[in-house]
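>>> could you look at this predicted model? Sequence included:
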Amino acid sequence: MIKHVGLTITDPDEIKNFYQNVLDLNLKKEFTLSKELNQQIFGFYEEVPVSILSDGESEIEIFVTHLPARNNYSHLCIEVDDRDALIKKTKAHKYPCIVIERKFEPLVFIQDRFGNSFEVKELSE
């Protein structure tokens, strides 16, 4: 049902460092959202570079802006084949990783440097 999710970052290097190197997403397309269209859609009058990344099924649209992050409860839940491997890779790249041990399975959240949060679940067979 969901085609893509739009996220915001301030550092364009995060596209490669986090989304490609940690989450293993592929860069599908890049474009610039014009000031005028941005104003009409989101209410901000700035030209914004946008990158679309994909795992082959889902897409994430990354907007690179100077606007600061806001703390809230927003997050995406992703499923991976090997959660432990993603935890190790996240930590190796020095990104925030929270692992909360629970009775049945750990609760795992990772973040990019902007503060976008991802809950990580392992695919069930």
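Nice, thanks for sending it over.

>>> nearest residue to Ser74 other than its sequence neighbours?
In this structure, Ser74 finds its nearest non-sequential neighbour in Ser117, 7.1 Å apart by Cβ to Cβ, 6 or more residues apart in numbering. No exception for glycine: its C-beta is placed from N, CA and C like everyone else's.

>>> contacting residues around the one you found?
74-76, 109-111 (Cβ atoms under 8 Å, 6 or more residues apart in numbering).

>>> with Val120 instead?
Contacts of Val120 by Cβ under 8 Å, 6+ apart are 77-80, 83, 86-87, 108-110.

>>> what helix or strand is the nearest residue to it once chain neighbours are set aside on?
Nearest non-adjacent residue to Val120, counting by Cβ to Cβ, 6+ apart: Val108, 4.3 Å away. Using DSSP states H and E, Val108 sits in strand 107-111.

>>> could you do Ile62 as well?
Going by DSSP H and E, Ile62 is part of strand 59-64.

>>> and for the following helix or strand past that strand, what are the contacting residues?
Next along the chain after strand 59-64, taking DSSP H and E as the criterion, comes strand 76-80. The contact list for strand 76-80 (Cβ under 8 Å, 6+ apart) reads 5, 7, 23, 60, 86, 116-123.

>>> which of those residues fall in strands?
Judged by DSSP state E, those include 5, 7, 60, 117-122 as members of strands.

>>> for ChimeraX, what selects the buried ones among those?
Selection command for ChimeraX covering only the buried members of the ones in strands among the contacts of strand 76-80, criterion 16 or more other Cβ atoms under 10 Å:
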select :7,60,117,118,120
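
>>> no more questions from me, cheers.
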